[in-house]
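> could you work out the structure for the sequence below:
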Amino acid sequence: MSIDDKSRKRVEDLFSGMSQLISETSNEQGHDDSAQPEANAQGGEARDYDPITLLQKIEALKVRIAELETLLDKKEKKPLSAQSLYEKEQVGFAFTGGKVLPVRGTQQLVPDDAGGIKTPLIASGRTIGEVKVAKPAERPLTEDDIKLANTIAQQASLQIENLRLLAEAERARAEAEEATHQFTHRNWANFLDAIHNAERIGYVYDQAAVEPFTEPAPAEYDHAEIMETLNEQIGRLFVKGNGALTEEDKKFINTIGKQVSQQVENIRLLADASRARAEAEEATRLLIRQNWETYTKREEGVLAFVYDSVKVSPLDDEAAVTDVVLEQPLYVRGQEIGQLSVKGLPNVSQEAKDLAAAIAAQTSIHLEALRLTEELRKRAQELKELDRLKSAFLANMSHELRTPLNSILGFTDVMLEGLDGELTDYMDNDLRLIQRNGQHLLHLINDVLDMAKIESGRLSLHPEKFKIQGLLEEVANITSTMASEKNLPIIIEPDSDKEIEIYADNIRLRQVMINLVNNSIKFTEKGKIALKVVPMEGARVLITVQDTGLGIPPDQLEAVFQEFTQVDTSTTRKVGGTGLGLPISRRLVEMHGGRLWAESSGLEGEGATFHVELPLEVGITEVVEKREK
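Next up is the predicted model:
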């Protein structure tokens, strides 16, 4: 039984019940009215309804049911559409006198008096209605009443939202089923059209053979079974049983029909998959042909070669090849891209043919691999050129930004020195804020410029001989201001070697150490920053920067040296930075012939240790070679 049949049956049953109730009420009106006082005197309960009022309510309900029946008839005549599923209707109910009554239109059973309660119904952050509570005549509303009204409103909102979601789910399910039915019907129509131009296909089995059957239906049959797939009819199964089919036979035929329907659907899906695979293979062959045509037009030079058991020579004139006894095409994914020809054999055996076929297959694979390798090489060159253009753009833009910024900082210093007149406290504070932020912006621009220079190979080193101890002391003095804001001491370990000298670029190594120390200060809230230098075997030196900060997770120890990368996004927003300090430092150390790495357990308080390993002497030629690369 369908949903519409069930709805109609419920309406008819309801009408029948209403008629019976009206008849019983009419009979009760003829009874002696003295029965009620007598019942009260005997301790019985009087009826709590007025027959006339009850008849009026029943008539109103009957009218409403008639309206619903009209809508039901329209629904049967009109196919299901998305519009009917999305219709909205304002619904209200009132609880008064121990009864729940519907509220329609502008009808108000609860007055809007000042002593009442209004609580909104909220679902998904929007108001969908309200709960009104009228003030009782015998007492005012209390806080408990207000809390109860709010609780009821919350529960009602939740229930209404659940009903709405259920209705949407039912609507989506109905739409999905309808779309599936239409899709199956359309696919079957296309499938049959593609086979025999919309001709229906049938077969007849007479226990001896299976033969084609082209008629719409046999002349005689005892039972017909509809074959369906996803509630979509795809055919019929006719059985002739000479009038002796039982109910068990019909159930067995029904099972056979279902199995045949599933098998036919599987065959159709297999045909669709085979057609899609054939279309994909055809598209692949077309792409390969186009790629090889483009490749042969682009490449200049000889595209044919001859092998004479001694050497491989270019074949300038293909027409000069004569006396060919065996030809084997070269295929790449079903597309012919060339030919393998053999000459000079008096008798071509089957073994020779098989060998030529194997050589042709391997040659085709090798040629396709060479073509793809060449394509990759060209794409790599294009990407390299794009990277070069990007670096050049960054370098030029950094220069354009740094020039006006230096002017701003210069005039700010002039004004702070009082050369343009006396400053008030507010003016001095604002100018120092401009100076501090301008220097921070200049530092970021310098990082971008350095990275662009390194990537473009235009950054050069200027080595000189100096003591590392002096470099560490200078770095500690430069970064002490930033460290003092967090009360972090920067110390040089007592066992640090004070006499080690190195031949390197003093300015660039100072930049590396400042980046490392500043990075440690950013991620350290308490503890200390320790610097140390010790000699190593092989004329090398090791510099370490150790902090007691947040630490670095072990799986992120290499990621921190990638451009524009930070360990934690939220921490990055807190401490700032572009994520270029550590990558630039590693590049500068590598230009000196050294290496930079980090060690950390990832536990807060244990911090991280950065190691810088450098040769004691960096040759000028080594620096030039690295710059050229």
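
> alpha carbons only for contacts and neighbour counts from here, please
OK.

> which residue ranges form the strands in the stretch 451-600 of the chain?
464-467, 490-492, 501-504, 529-536, 540-547, 595-600 (DSSP state E, counting those that start in this stretch).

> so which bits of the first one are buried?
Translated: strand 464-467. For strand 464-467, the neighbour count (16 or more other C-alpha atoms under 10 Å) marks residue 466 as buried.

> now the strands of the stretch 451-600 of the chain in CSV, with mean pLDDT and distance to residue 313?
As requested, the strands of the stretch 451-600 of the chain are exported to CSV (pLDDT from 0 to 100; distance: least, C-alpha to C-alpha, whole Å):
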stretch, mean pLDDT, distance to residue 313
strand 464-467, 92, 57
strand 490-492, 92, 70
strand 501-504, 92, 54
strand 529-536, 93, 57
strand 540-547, 93, 54
strand 595-600, 92, 49
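
> out of these, which is closest to residue 221?
In terms of C-alpha to C-alpha, the element of these nearest to residue 221 is strand 595-600, at 85.2 Å.

> C-terminal to that closest one, what's the next element?
Per DSSP states H and E, the first helix or strand lying C-terminal to strand 595-600 is strand 608-615.

> buried ones in stretch 126-133?
Neighbour-count burial for stretch 126-133 [16+ other C-alpha under 10 Å]: 129, 131, 132, 133.

> ok, and what's touching that stretch?
110, 116, 117, 118, 119, 120, 121, 122, 149, 153 (C-alpha atoms under 8 Å, 6 or more residues apart in numbering).

> circling back to that earlier point, from the buried residues of stretch 126-133, which land in strands?
Judged by DSSP state E, the buried residues of stretch 126-133 include 129, 131, 132, 133 as members of strands.

> looking at the residues you listed, spot the one nearest residue 97.
For those, the nearest to residue 97 is residue 133 (13.3 Å; C-alpha to C-alpha).

> from residue 119, how far out is that closest one?
To residue 119, residue 133 is 9 Å away according to C-alpha to C-alpha, to the nearest Å.

> quick revisit: residue 327: which of the strands of the stretch 451-600 of the chain is closest?
strand 595-600 (58.9 Å).

> and the closest one, what other elements does it pack with?
With contacts defined as 3 or more C-alpha pairs under 8 Å, 6 or more residues apart in numbering; DSSP states H and E, strand 595-600 has these neighbours: helix 581-591, strand 608-615.

> starting at the chain centroid, how far to the helix or strand residue 414 falls within?
Element membership for residue 414, per DSSP H and E: helix 350-416. Centre-to-centre, helix 350-416 and its host chain are 28 Å apart (C-alpha atoms, centre = their mean, to the nearest Å).

> and that helix, what's its mean pLDDT?
Averaging pLDDT along helix 350-416 gives 83.

> also stretch 421-432?
86.

> which parts of it are buried?
428, 431, 432.

> just checking, the second one touches residue 412?
The one in question is residue 431. Yes: using C-alpha atoms under 8 Å, residue 431 makes contact with residue 412 at a distance of 6.4 Å.

> which neighbours do residue 133 and residue 119 share?
residue 149.

> pipe the helices and strands packed on strand 595-600 into CSV and attach mean pLDDT, distance to residue 441 and mean neighbour count per row.
Below are these laid out as CSV (pLDDT from 0 to 100; distance: least, C-alpha to C-alpha, whole Å; neighbours: other C-alpha atoms under 10 Å):
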stretch, mean pLDDT, distance to residue 441, mean neighbour count
helix 581-591, 89, 14, 22
strand 608-615, 93, 26, 22
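
> JSON lines for the ones you listed, including distance to residue 485?
As requested, these are exported to JSON lines (distance: least, C-alpha to C-alpha, whole Å):
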{"stretch": "helix 581-591", "distance to residue 485": "21"}
{"stretch": "strand 608-615", "distance to residue 485": "20"}
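
> of all those, which one comes closest to residue 539?
strand 608-615 (6.1 Å).

> who are the packing partners of the closest one?
strand 540-547, strand 595-600.

> the longest one: which residues count as buried?
Okay, so that is strand 540-547. 541, 542, 543, 544, 545, 546, 547.

> can you lay out those as JSON lines showing distance to residue 347?
Below are these laid out as JSON lines (distance: C-alpha to C-alpha, whole Å):
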{"residue": "541", "distance to residue 347": "75"}
{"residue": "542", "distance to residue 347": "75"}
{"residue": "543", "distance to residue 347": "77"}
{"residue": "544", "distance to residue 347": "78"}
{"residue": "545", "distance to residue 347": "80"}
{"residue": "546", "distance to residue 347": "81"}
{"residue": "547", "distance to residue 347": "83"}
